[in-house]
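1. I would like the atomic coordinates for the input below:
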Amino acid sequence: MGRSGKNSLGAAAKVDRSKVYEPTDAIELVKSVAYAKFDESVEVAVNLGVDPRHADQIVRGTVALPYGTGKSVRVLVIAQGDKEKEANEAGADFVGVEFVDKIKQGWLDCDVIVATPDMMAQVGQLGRVLGPRGLMPNPKSGTVTMDVSGAVRDIKAGKIEFRVDKTGNLHAPIGKISFEQNALGENLSSFMDVVVKSKPSAAKGTYIKSVTISSTMGPGVKVNTAVYR
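-> Next up, the predicted model:
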C-alpha cells in the first residue's frame, strides 16, 4: 500500500463514523486528519428532507461567506458599453459580448458568469451548455443584474451559490484547511443559517437530515443537526 493509502486509512481511523460531532469539534477533527501535501478545500454536504422533483421544494440561494472560500474565482461578465467598463474596473477576469460566441465554440474557462438583463436573449441560447454546469446567470442569485460591479465584488469576496441536487443534497465549499478554525466555523454557520431560512413551506418532516464536513482527501465527519433546528 502506498503512502497516500496509509494516510487515508490513518485519517479514517481517527473519525468515529457512528458519532455526530458539535460543529467546532467537527472542524477541529477535519483539520487534524487532513494529510495531503496541498491546501485541501473544506466542503459541507447537507442532506435535506425535500423532494426536488417538485418545483416548490427546490432549495437554492446565495450566501456571502465572511472569510471567503480561499479559492480565486474567475468571473466572466457578459455586458456592453458602460457596463463593460464597469465590470473591468470591478476586477472581472473576462468581459465582453464576444464570449457568447466563444462559449458556443467550447470556451468555458470561468467559474461564475454575470450578465446584464439586455444580454439574456443571447445568453439564453447557451442554456444547454451552461445549465448542466450550474453557470447560467440567474436574477435570484444576483448574476443577472445591472449592478455588475457589485456582483463582481460580492463574488470575489466569497459569495457562493448553492442548489439542491436530484437526491436532496447540497454541497458547498466553506474554506481551506489552512483557514483558522473560527473562520471555518463562521463560514459554516453563515451557510447553514441561509439553508435553514431557505426551507420551502411545502417541505414536510425533518428538513436538515444530515450535515457532513470533509476536506478534499479526508473522511467525512458528521455534524450534530440539532444545532440547526
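2. For N224, which residues are in contact?
-> Contacts for N224 (CB atoms under 8 Å, 6 or more residues apart in numbering) come out as V20, Y21, E22, P23. Bear in mind the C-beta positions are built from the backbone N, C-alpha and C, glycine included.
3. export those residues to JSON lines and tack on pLDDT and neighbour count?
-> Listed next are the contacts of N224 as JSON lines, based on pLDDT from 0 to 100; neighbours: other CB atoms under 10 Å:
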{"residue": "V20", "pLDDT": "94", "neighbour count": "17"}
{"residue": "Y21", "pLDDT": "95", "neighbour count": "19"}
{"residue": "E22", "pLDDT": "96", "neighbour count": "12"}
{"residue": "P23", "pLDDT": "96", "neighbour count": "19"}
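4. Which secondary structure elements does the longest helix seen in the chain sit against?
-> Ranked by residue count and defined by DSSP state H, the top helix of the chain is helix 181-197. On a contact count with 3 or more CB pairs under 8 Å, 6 or more residues apart in numbering; DSSP states H and E, helix 181-197 meets helix 23-33, strand 41-48, strand 60-64, strand 159-163, strand 169-176, strand 208-215.
5. for this protein, which spans come out with low pLDDT?
-> 1-13 (pLDDT under 70).
6. So for G150, which of the helices and strands packed on helix 181-197 sits nearest?
-> strand 159-163 (10.1 Å; CB to CB).
7. For that closest one, buried residues please.
-> Of the residues in strand 159-163, K159, I160, E161, F162 count as buried by neighbour count, 16 or more other CB atoms under 10 Å.
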